[in-house]
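Novice: Can you look at this prediction? I've put the sequence above it.
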Amino acid sequence: MSALVRVEKLRKQFGGLTAVNNVDFSVAEGEIVALLGPNGSGKTTVINMISGAFAPTAGRIMFDEADISGLPPHRIAHHGVARTFQLVRVLPSLSVRQNIVAAVAFRRDAVWGEEAETEAEKLLVDVGLAGRGHEMAQDLTYIDQKRMELARALAARPRLLLLDEWLSGLNPTELRVGIDLIVSLRERGMTVLLVEHIMEAVRALCSRAVVMNVGTKIADGPTNDVLADEHVVRAYLGEGHA
Ligand SMILES: Nc1ncnc2c1ncn2[C@@H]1O[C@H](COP(=O)(O)OP(=O)(O)OP(=O)(O)O)[C@@H](O)[C@H]1O
């Protein structure tokens, strides 16, 4: 499998703080890879660099052999990268359908009017919100807001989806639903890089995991091996546990 996205010696400096230090990893087309690490280890900063929110201080991000390092977010989105945010971002005073139509209208091969509405309906079905398009976004429950946010990301027709703690804050039943939704994306061949603290989800979804600690990559391999790695256990639990 060839790499869809590959980060090479990626670094991000915030003043005197090195948030990401010489990180290398890749995600192949069709893979779901977890990006793990304790709080503050640099995971969201990596996602922010891949999606263009931050420019790298050094290193490269290759997407399907194009160098996208430091491009603005809309240009990276046009290459086929979409993301969700740690705190759900939706347009609260619009209906669910309008939220998705807006996303369809901002992508590279945008469509409007009836075509956009039809596509929005399909996306609502895909994320389990069939028939709910008329509801106001602000009235949705948390899991349904997450579904809508996912539909907005999918509206961009991404080749790579970046999910930043998309499953956090869900109750156990909702978590099962959320995991199943990501499984359905995997079955359709979507490539996903997933930042996640919920290990049940990581084990269920990810064939491979990359682990960061204090800005540096400390493990990269099959999920079960990585989660049993003593350096990883130590990074999560502190010295004395591995
Ligand atoms: N915009 C910023 N300006 C300054 N420092 C930042 C900025 N964004 C992140 N940092 C710092 O970079 C380091 C890595 O943060 P980051 O959010 O990437 O970690 P994380 O692994 O995603 O953590 P969490 O699991 O808590 O979300 C932290 O020390 C954080 O305080």
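Specialist: It's in.
Novice: does Lys12 belong to a helix or a strand, and which?
Specialist: Assigned by DSSP states H and E, Lys12 falls within strand 3-14.
Novice: For whichever helix or strand comes after that strand, buried residues please.
Specialist: Once the chain leaves strand 3-14, the next helix or strand it forms, by DSSP H and E, is strand 17-28. Residues of strand 17-28 classed as buried by neighbour count (16 or more other C-beta atoms under 10 Å): Thr18, Ala19, Val20, Asn21, Val23, Phe25, Ser26, Val27. (C-beta placed from N, C-alpha, C; glycine too.)
Novice: Name the nearest residue to the first one, ignoring sequence neighbours.
Specialist: Read that as Thr18. Nearest in space to Thr18, with sequence neighbours left out and distances taken as C-beta to C-beta, 6 or more residues apart in numbering, is Gly215 at 5.3 Å.
Novice: That neighbour is in contact with Leu10, isn't it?
Specialist: No. Using C-beta atoms under 8 Å, Gly215 is not in contact with Leu10; the gap is 10.1 Å.
Novice: Could you pull out the residues contacting both of these two?
Specialist: Residues touching both Gly215 and Leu10 (C-beta atoms under 8 Å, 6 or more residues apart in numbering) are Val20, Val23.
Novice: how close does Gly189 get to the ligand?
Specialist: Using C-beta to the nearest ligand atom, to the nearest Å, one obtains 27 Å as the distance from Gly189 to the ligand.
Novice: ok now do that residue, which residues does it touch?
Specialist: Here Gly189 is in contact with Glu29, Gly30 (criterion: C-beta under 8 Å, 6+ apart).
Novice: So it belongs to a strand, correct?
Specialist: No. Gly189: not assigned to a strand; according to DSSP: H, G, I helix; E, B strand; the rest coil it is coil.
Novice: distance between the ends of stretch 11-19?
Specialist: Start to finish, the residues bounding stretch 11-19 are 8 Å apart (C-alpha to C-alpha, to the nearest Å).
Novice: Establish whether it and the ligand are in contact.
Specialist: Yes. Taking C-beta under 6 Å from any ligand atom as the criterion, stretch 11-19 and the ligand are in contact, through Phe14, Leu17, Ala19.
Novice: Leu175: which of those residues is nearest?
Specialist: Leu175 lies nearest to Ala19 out of the residues of stretch 11-19 next to the ligand, by C-beta to C-beta, at 28.6 Å.
Novice: Near the ligand, which residues of the chain are found?
Specialist: Listed as neighbours of the ligand in the chain under the rule C-beta under 6 Å from any ligand atom: Phe14, Leu17, Ala19, Gly37, Asn39, Gly40, Ser41, Gly42, Lys43, Thr44, Thr45.
Novice: least trustworthy position among those, going by pLDDT?
Specialist: Ranked by pLDDT, those bottom out at Asn39, which has 91.
Novice: Got the phi and psi for it?
Specialist: When read as degrees, to the nearest 10, the backbone of Asn39 gives phi -50, psi 140.
Novice: cool, and the one 5 residues further on?
Specialist: Dihedral angles of Thr44 (phi, psi; degrees, to the nearest 10) stand at phi -60, psi -30.
Novice: Count the neighbours of it for me.
Specialist: Thr44 has 20 neighbouring residues, counting by other C-beta atoms under 10 Å.
Novice: My guess is it contacts Val195. True?
Specialist: Yes. The criterion here is C-beta under 8 Å, and Thr44 meets it with Val195 at 6.5 Å.
Novice: Pick out whichever of Gly215 and Leu10 has more residues nearby.
Specialist: Between Gly215 and Leu10, Leu10 has the larger neighbour count (other C-beta under 10 Å), namely 25 against 21.
Novice: check contacts around the residue nearest to that one when sequence neighbours are not counted.
Specialist: Distances taken as C-beta to C-beta, 6+ apart place Gly59 nearest to Leu10, at 3.8 Å, with adjacent residues excluded. Gly59 sits next to Val7, Glu8, Lys9, Leu10, Arg11, Asn22, Val23, Ser69 when contact means C-beta under 8 Å, 6+ apart.
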